[in-house]
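Enquirer: What follows is a predicted structure for the sequence shown.
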Amino acid sequence: MLKVININSRIDLTSADCAFVEQVIEYAEKLLKWERRNSISELLSEIPVFLLSPEKMPVWPFEEDEIGDNPGIEYLGFYTRITSVYFDSIPAIFICPERILLTAKNKSYQELLAVLIIHEFAHAKMDSFPEDKIDFSNEFYRWVEEPYANWFVLKYFHSYGNGYLFHSVKDCIQKEPENYKLGCIFFDADLDCRYWEEWKEIKKIGVKETKKKDWLDKMKVNPKNIKAEWEKFIKI
């Protein structure tokens with residue numbers, strides 16, 4: 001069950017909102033033989049989802065003209081670790097229901113909410129804390145982790161039912177910024193789950209600048225042959 005805590009958003013998540021998100025995850029994992037190693041359900045009761053107003057959301061880290069009608073998912077919410085005088089570095093997800101509602105427009109609010117929450121729990125699944133040596137604000141990170149997080153989203157919705165809803169989600173992702181849209185290529189290539197597991201391990205040891213540049217150059221110009229490129233990347 002999701003642990004939702006409203007800090008200062010003017011919009012609460014209803015029981016129906018939460019039930020839809022949980023249903024997508026449950027159907028994918030239990031009814032359609034989802035591999036447990038990919039599962040995020042075990043994290044739902046462990047990591048809180050905090051609701052923030054637009055005024056309290058962090059400043060969008062990219063150029064204003066990159067937001068558009070289909071911004072990267074981190075405009076709507078983000079995964080992080082927070083520290084206070086009461087605890088030291090605990091995982092948490094923050095989302096902005098107001099931004100989700102405005103961004104959804106002709107799309108389903110609950111659909112976009114589920115996409116966002118699954119995407120952020122995918123970040124939590126790939127978290128290699130405390131060994132993580134990758135700078136989250138680094139361009140390289142955004143061109144590896146963000147598409148992997150969207151790979152999770154597409155895997156879940158495809159398992160939930162390869163119909164209108166899945167194609168609507170995929171169409172939405174294909175309109176996001178280029179690094180997020182790359183998740184569709186990851187999905188179409190039918191990547192094995194070991195790819196994101198390898199990425200999680202890579203984050204523990206860091207990556208040389210030459211590797212980063214080579215990956216970015218390939219993904220920005222010709223990302224189609226993703227399996228071969230990833231195999232080459234981890235062997236450098």
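Expert: That came in fine, so what should we check first?
Enquirer: Tell me the spacing between I185 and P147.
Expert: Plainly put, I185 is 7 Å away from P147 if you go by CB to CB, to the nearest Å. C-beta coordinates here come from the backbone N, C-alpha and C atoms, glycine included.
Enquirer: Between these two, which has more neighbouring residues?
Expert: P147 (25 against 18; other CB atoms under 10 Å).
Enquirer: Contact partners for the spatially most central residue of the chain?
Expert: By CA atoms, centre = their mean, the mean C-alpha position of the chain lies nearest to H119, the distance being 2.6 Å. Contacts of H119 were listed using CB atoms under 8 Å, 6 or more residues apart in numbering, and they are 73, 149-150, 152-153.
Enquirer: what about 6 Å?
Expert: The contact partners of H119, by CB atoms under 6 Å, 6 or more residues apart in numbering, come to 73, 149, 153.
Enquirer: Ok, K212 next?
Expert: By CB under 6 Å, 6+ apart, the contact list for K212 reads F140.
Enquirer: From G206, how far off is it?
Expert: In this view, K212 and G206 are 10 Å apart by CB to CB.
Enquirer: Then Y160?
Expert: On the measure of CB to CB, Y160 and G206 end up 36 Å apart.
Enquirer: Just to be sure, K212 is in a helix?
Expert: Yes - the assignment for K212, made by DSSP: H, G, I helix; E, B strand; the rest coil, places it in a helix.
Enquirer: what's the spacing between it and N162?
Expert: Separation of K212 from N162 (CB to CB) stands at 35 Å.
Enquirer: Also Y27?
Expert: Using CB to CB, one gets 12 Å for the distance from Y27 to N162.
Enquirer: cool, V153 as well?
Expert: Separation of V153 from N162 (CB to CB): 14 Å.
Enquirer: more crowded one of those two?
Expert: Using other CB under 10 Å as the criterion, V153 and N162 rank with V153 on top: 27 against 10.
Enquirer: Might one say that R81 is in contact with P91?
Expert: Yes - contact status for R81 versus P91: in contact at 5.5 Å, counting by CB atoms under 6 Å.
Enquirer: Which one of the two is surrounded by more residues?
Expert: Using other CB under 10 Å, the more surrounded residue of R81 and P91 is P91, with 17 against 14.
Enquirer: ok, which stretches of the protein are strands?
Expert: 4-6, 49-51, 77-82, 90-95 (DSSP state E).
Enquirer: State the pLDDT value of W143.
Expert: Listed pLDDT for W143 reads 93.
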